[in-house]
Structure formats: C-alpha cells, structure tokens
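Participant: What would the 3D arrangement of this be:
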Amino acid sequence: MSADPRLIIALDLPSRADAEAMVETLGDQVGFYKIGLQLLAVGGMEMAKDLKRRGRQVFLDWKLHDIGATVEKATAAIVGSGACDLLTVHAQPQVLAAAVKGRGGDRQAKILGVTVLTSLSGQDLAQIGYGMGVEQLVERRIRQAIDAGADGVVASPHEAALARRIGGPAFLVVTPGVRPDWAGKDDQARATTPLEALQSGASHLVVGRPVTAAANPRDAARRIVGEMAGA
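Facilitator: Numbering: from 1, shown residues only. Model prediction:
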C-alpha cells in the first residue's frame with residue numbers, strides 16, 4: 001500500500017538523527033512529515049529542506065505568535081527558504097494577516113491558523129480566561145482565518161465538520177489528535193480515529209506516537225493508511 005498524502009507523521013523526536021532514522025524506517029509508506037519545535041533547535045530547518053529535496057512534503061508546525069511585523073518577516077523568511085508546504089501560526093487576526101502578507105505571492109506554501117490546541121478542554125479555556133466554549137472559540141477563529149486569507153486551520157477532529165462547513169471544499173482542515181482504536185490517547189483531550197476524522201471533514205491527519213512509538217512504525221503507518229482508505 002503506497003503513501004496517502006493526507007497522512008502527516010509528526011517527527012516529535014529528541015534529535016535529528018532519531019527523526020532521520022524514523023523517515024528511513026517508514027520509507028515509501030509515508031510522504032508527508034511534520035517538524036515541530038522539538039526539532040527546531042537540533043537541525044529541524046535543515047532537515048525540512050533536505051526532506052523537500054528528497055521529494056517529501058513538509059509541515060512546519062511552529063505556531064508563530066508575535067507582533068504583526070515579526071510574524072510577517074518570519075513567514076517571509078521561512079517561505080522564501082522553500083522548506084515547507086504547510087506553516088502554522090496562531091489564529092488571531094493580526095497574526096493571520098501578517099503571515100498571509102509575509103507569504104506574499106508564493107501560494108505553494110499554505111498558511112494554517114491554529115484554532116484551539118487539541119490538549120485543551122472547555123475547562124482549560126475557562127481557567128485561561130476565555131468566556132466561551134471550545135466550539136465557539138474554534139468557530140470564531142475559523143472565520144478569522146478565512147477573513148485573513150489563510151488557506152486553512154488546525155483543529156481537533158471534533159471540530160473538523162464545523163471547519164469544513166464554514167470553509168468549504170477547498171479549505172484545509174488539518175487535524176492532530178488522531179488516534180486509532182489500538183493506540184492510547186496520550187495527552188489529546190479531543191481525539192478520534194483516522195476514519196472518523198476524515199468522515200468529519202479533515203483534509204489531513206497528523207499522527208505522532210501511534211506510529212513513531214510503535215514497535216513496528218512502518219506497519220503502524222500501513223494500518224492507518226488502510227483505515228483511511230475506508231473514507
């Protein structure tokens with residue numbers, strides 16, 4: 001079974017050597033990888049460029065969040081490097097607008113707004129100080145992403161249907177918090193299975209530990225791709 005371009009494997013591993021070994025293990029079973037903050041300080045940007053040269057797709061999940069001028073310049077530098085296909089920023093109006101402006105005319109790199117982290121519950125939002133629940137906040141941020149000209153959002157599978165309904169068929173809905181029935185939930189408060197996430201409207205699934213921590217990562221990825229085929 002060949003790689004499914006909707007499956008993104010999160011390389012949340014301690015070192016670039018560990019990440020490279022995982023890519024080698026997965027081989028042609030996976031063609032899309034997420035590089036997050038854990039790898040940033042240990043060669044993540046260089047690895048992203050290398051993966052692109054080798055024909056892989058790259059999701060830089062760096063969740064940029066700063067004043068508009070800083071986000072604009074950072075986005076321009078990242079996109080200009082040619083190191084990514086997807087880039088995340090926090091889904092707040094000023095941040096989204098700055099990232100879209102920084103991306104400029106290069107539409108190959110897609111800007112995604114992070115709505116609400118999948119580790120957060122409604123109770124967590126209340127403790128932070130938000131006066132609305134998860135779904136209300138996600139909906140507001142989806143609409144703000146669209147208004148800013150972003151290409152999609154990162155949202156839990158539970159809000160994928162909402163994002164698809166509001167964003168339409170071309171809108172990217174990238175869902176972390178995807179856990180097959182045979183894997184643990186880890187720290188994801190709002191997780192679903194791969195099939196459920198796709199049926200709800202997800203365009204891409206981000207999967208980490210169910211594959212990277214498996215006894216046989218390649219087989220785990222193959223099982224997930226098989227489940228996705230049902231959608």
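
Participant: Please, where are all the strands along this structure?
Facilitator: 7-10, 32-36, 57-64, 86-90, 110-114, 152-154, 172-175, 204-207 (DSSP state E).

Participant: so what's V207 bridging to?
Facilitator: Beta-bridge pairing of V207 under DSSP bridges involves I9.

Participant: I'd guessed it sits against D12; true?
Facilitator: No. With contact defined as C-beta atoms under 8 Å, V207 does not count as touching D12 (10.7 Å). C-betas here are computed from N, CA, C, even on glycine.

Participant: Pick out whichever of those two has more residues nearby.
Facilitator: Taking neighbours as other C-beta atoms under 10 Å, V207 and D12 compare with V207 leading, 25 against 18.

Participant: Please look at L137 and L120 and confirm they touch.
Facilitator: No. Checked against C-beta under 8 Å, the pair L137 and L120 is beyond contact range at 9.4 Å.

Participant: hmm, back to that, using a markdown table, lay out the strands of the chain together with distance to Y130.
Facilitator: Compiled in a markdown table, the strands of the chain are given as follows (distance: least, C-beta to C-beta, whole Å):
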| stretch | distance to Y130 |
| --- | --- |
| strand 7-10 | 26 |
| strand 32-36 | 24 |
| strand 57-64 | 18 |
| strand 86-90 | 14 |
| strand 110-114 | 15 |
| strand 152-154 | 17 |
| strand 172-175 | 21 |
| strand 204-207 | 24 |
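
Participant: Low-confidence bits of the protein, can you list those?
Facilitator: Under the criterion pLDDT under 70, the flagged ranges of the chain are 1, 183-191.

Participant: hmm, try it at 90
Facilitator: 1-2, 41, 105-108, 116-135, 156-158, 177-192, 230-231 (pLDDT under 90).

Participant: Now the residue of it most remote from its centre. Its backbone dihedrals?
Facilitator: Residue farthest from the centre of the chain, counting by C-alpha atoms, centre = their mean, is G131 at 26.0 Å. G131 adopts backbone torsions of phi -100, psi 30, taken as degrees, to the nearest 10.

Participant: count of neighbours near R6?
Facilitator: 17.

Participant: Equivalent analysis for G43, please.
Facilitator: G43, neighbours per other C-beta under 10 Å, totals 16.

Participant: May I have stretch 137-155 exported as PDB, CA atoms only?
Facilitator: The C-alpha trace of stretch 137-155 is given here as PDB (Å, rounded to 0.1, in the frame of the first residue of the first chain):
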ATOM      1  CA  LEU A 137     -13.800  29.800  20.000                       C
ATOM      2  CA  VAL A 138     -12.900  27.400  17.200                       C
ATOM      3  CA  GLU A 139     -15.700  28.800  15.000                       C
ATOM      4  CA  ARG A 140     -14.600  32.400  15.700                       C
ATOM      5  CA  ARG A 141     -11.000  31.500  14.700                       C
ATOM      6  CA  ILE A 142     -12.100  29.700  11.600                       C
ATOM      7  CA  ARG A 143     -13.900  32.700  10.400                       C
ATOM      8  CA  GLN A 144     -11.000  35.000  11.300                       C
ATOM      9  CA  ALA A 145      -8.600  32.700   9.300                       C
ATOM     10  CA  ILE A 146     -10.900  32.900   6.200                       C
ATOM     11  CA  ASP A 147     -11.200  36.700   6.600                       C
ATOM     12  CA  ALA A 148      -7.400  37.000   6.700                       C
ATOM     13  CA  GLY A 149      -6.900  34.900   3.600                       C
ATOM     14  CA  ALA A 150      -5.300  31.900   5.200                       C
ATOM     15  CA  ASP A 151      -5.500  28.500   3.500                       C
ATOM     16  CA  GLY A 152      -7.000  26.500   6.400                       C
ATOM     17  CA  VAL A 153      -6.900  25.800  10.100                       C
ATOM     18  CA  VAL A 154      -5.600  23.200  12.500                       C
ATOM     19  CA  ALA A 155      -8.500  21.900  14.600                       C
END
